[in-house]
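Student: Here is the input, now give the coordinates:
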Amino acid sequence: MNRVSVDTAGRPPSVDALARELANRHSLPHAILVDCARRAIANSSAQQVTQRADQLATEFAQSLLREVVNATGVLLHTNLGRAPIEIHTSDRAANLELNMLTGERGSRQETVGKLLALLCGAESAIVVNNNAAAVLLVVAALANARDVAVSRGESVEIGGNFRIPEVTEQSGARLVDVGTTNRTRLRDYKKAIDKRGNDIALVLKVHPSNYRVSGFVEDTPMRELATLPVPVVADIGSGLVDNTCPWLEGRTPAWLANEPAARQTLSDGAALVMFSGDKLFGGPQCGVIAGRADLVDACAQHPLARALRPGSLTMIAMQSLALSYLGRTVTTDVAFWKMANISVSELQLRAEKIIRAAQVGDVCSLDSIPGAGSAPGATIASAGVVIAGDHLTKLRNRELPIIARVKDSKTYFDLRTVRSEDDHLLIDALRNLVE
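Tutor: Below is the predicted model of the structure:
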C-alpha cells in the first residue's frame, strides 16, 4: 500500500493529501474519504494515520447496502431484507394518483386495493408501509379513546420492540386484557364487553408469529369470535393469502399447516385482517388492511393514513404480485415461492455439481426455515454443501458477499435460498477458500 509521507517533524499529512491517496484504492465519493481522513488524523499517531484512514474507508464501503447471496437457508431473513424481490421499472413517471379514464386525480390505493381485495375475498383493501403501521392505523381509526380487547396470550412483543400494549396506547385506545396467558375462551371476551365501565370498540386477535405456546393452552377460534357484538380484527402477521395455496401444484406444504390465512380468516367472520407484504406474500415491505369496506374506508380517511402510505415502487410491486397470484404464475414470478417450491432432489443435484466443479465439500441434508416470524417452529427439508472450518468472514468480504452459516466448526451453504444462477459464485468461493 502506497502511503503519503509523514514530514520530518513527525506531523501527519494534510486531510486533502490523505483523501486523495485513499481515492487510489476506494471508489467512494471524495467527501466520504475526507471524513475518513479527518477521523484518522484526529485519532491516530502520525505513523499509523494512513493505515487507519484506509481501514475507515474499507469499513464504510462494507457498510453500504448491496446485494448478497443468501446461503443461510432462512427464506425470509430479516437481516437480508426478508422476501427478495425484483422490480422492473424505468425512470419514467407512473400514474400513481392519476385516473387514466377521466384524466383527473385518483387514488394510489384504488387499483391495487381492488386486486388485493379480490385475492383475499374482501370487500376492500389498502396498503400502508408495514404491518405495524396497519395495526396502528386500524386501532387509531376504529377505537380512538375507546377500549380494545386483546387476549393476554396475544399481548405480544415481536421484532423491533413492537409491542401490542404500546401500539394500542399510541393509537389513543385503551387495552383491555382478556382471559389468561395460556387460555382464553369466548366467555372471557363476552365478560369484558359486558363489564360496566368498559367501552370496547373492537376485539383484536393477534397471531403469535414469532413464538409458539404448547401444553395446557386454548384460544378462541375466529368463527366463535365473530359472534361477538363488536368487530373482530385479526393481525395474521405473516401474509399467507389462502391456506389452500392454489398457486402451488399439489397439496399445501406441511410447514404451513398452522399458519392463518387472509381469505379463510375473513370467511370465518373477521371484519378486517392485517398482514405483512414482505413475508409469505413474497413482496416489498408494506402492510395490508383488508375486509369490510366501511372499516377500510374509515382507515383510509384517518389522518395517519397519509403519513403511513407507501410510494410508487411499493405499489407497483404489490400490483405485480397480486396479478401473479391471480394469474397462478407465483412459482415462476415470486422469488419466495420459487425457493419454497424447489424439490430436495433438485437441490442435491445442484450440490453435487458445485462440489465436482469446486473439488471441495460434501453434500449435506439441511433444514431450511421460513423466517421472519413466519410459521414458527416449522422447517423445510433442504440440501446443500458443507466444508470444514469457519469461513464466514472471508465469504462476507467477497465483492458479492455470500452469507452462510456455521455449526460445529463447519460452514454450511443451504441451496434452497441460493438462486441456481448464482451457483457459479459458490463454486468460485469454494475454490478460493481451498487456495
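Student: where exactly do the strands run in the stretch 301-435 of the chain?
Tutor: Taking DSSP state E, counting those that start in this stretch, the strands of the stretch 301-435 of the chain run over residues 362-368, 380-388, 402-403, 405-407, 410-414.
Student: out of those, which comes closest to E59?
Tutor: Nearest to E59, of all the strands of the stretch 301-435 of the chain, is strand 402-403, at 17.9 Å by Cβ to Cβ. All C-beta spots, glycine's among them, are computed from the backbone N, C-alpha and C.
Student: pLDDT averaged over the closest one - what is it?
Tutor: Over the span of strand 402-403, the pLDDT mean works out to 98.
Student: what separates it from the chain centre, distance-wise?
Tutor: 18 Å (Cα atoms, centre = their mean, to the nearest Å).
Student: Which secondary structure elements does it sit against?
Tutor: Strand 402-403 sits against strand 69-70, helix 392-396, helix 423-434, with contacts defined as 3 or more Cβ pairs under 8 Å, 6 or more residues apart in numbering; DSSP states H and E.
Student: Of those, flag the one that's most buried.
Tutor: Mean neighbour count (mean count of other Cβ atoms under 10 Å) peaks for strand 69-70 among these, with a mean of 24.
Student: Please state the offset of that one from the chain centre?
Tutor: Here strand 69-70 is found 15 Å from its chain centre; the criterion is Cα atoms, centre = their mean.
Student: Mind listing residues that contact it?
Tutor: Residues external to strand 69-70 that are found in contact with it (Cβ atoms under 8 Å, 6 or more residues apart in numbering): 77, 80, 84, 400-403, 417-419, 422, 425-426.
Student: Show me what that strand pairs with in its sheet, parallel or antiparallel.
Tutor: Note on strand 69-70: by DSSP bridges, its sheet partners are strand 402-403 (parallel).
Student: hang on, the earlier thing: so which of the contacts of strand 69-70 would you say is closest to P229?
Tutor: Using Cβ to Cβ, H77 comes nearest to P229 of the contacts of strand 69-70, at 42.6 Å.
Student: Give me the distance between the closest one and V128.
Tutor: Look at H77 and V128: by Cβ to Cβ, to the nearest Å, they are 23 Å apart.
Student: Just want to know which of the two has more residues nearby.
Tutor: Each of H77 and V128 had its neighbours counted (other Cβ atoms under 10 Å), and the higher figure belongs to V128 (28 against 19).
Student: Correct me if wrong: the more buried one contacts A307.
Tutor: No - V128 is beyond contact range of A307, at 9.3 Å (criterion: Cβ atoms under 8 Å).
Student: what is the mean pLDDT for stretch 92-105?
Tutor: Per-residue pLDDT over stretch 92-105 has a mean of 94.
Student: I should have written stretch 224-244 there, sorry.
Tutor: Averaged over stretch 224-244, pLDDT sits at 95.
Student: buried sites along that stretch?
Tutor: For stretch 224-244, a neighbour-count test (16 or more other Cβ atoms under 10 Å) marks 225, 228, 230-243 as buried.
Student: between those residues, which is closest to K191?
Tutor: Checking the buried residues of stretch 224-244 against K191 with Cβ to Cβ, the nearest one is L228 at 11.3 Å.
Student: and the closest one, which of the three is it?
Tutor: Using DSSP: H, G, I helix; E, B strand; the rest coil, the structure places L228 in coil.
Student: so who does it touch?
Tutor: L228 touches L186, Y189, K190, I193, V203, counting by Cβ under 8 Å, 6+ apart.
Student: now what about the one helix or strand the fourth one maps to, what contacts it?
Tutor: So that's I193. According to DSSP states H and E, I193 maps onto helix 186-194. Counting contacts by Cβ under 8 Å, 6+ apart, the residues outside helix 186-194 that touch it are 149, 151, 176, 178-179, 198, 200, 203, 220, 224-225, 227-230.
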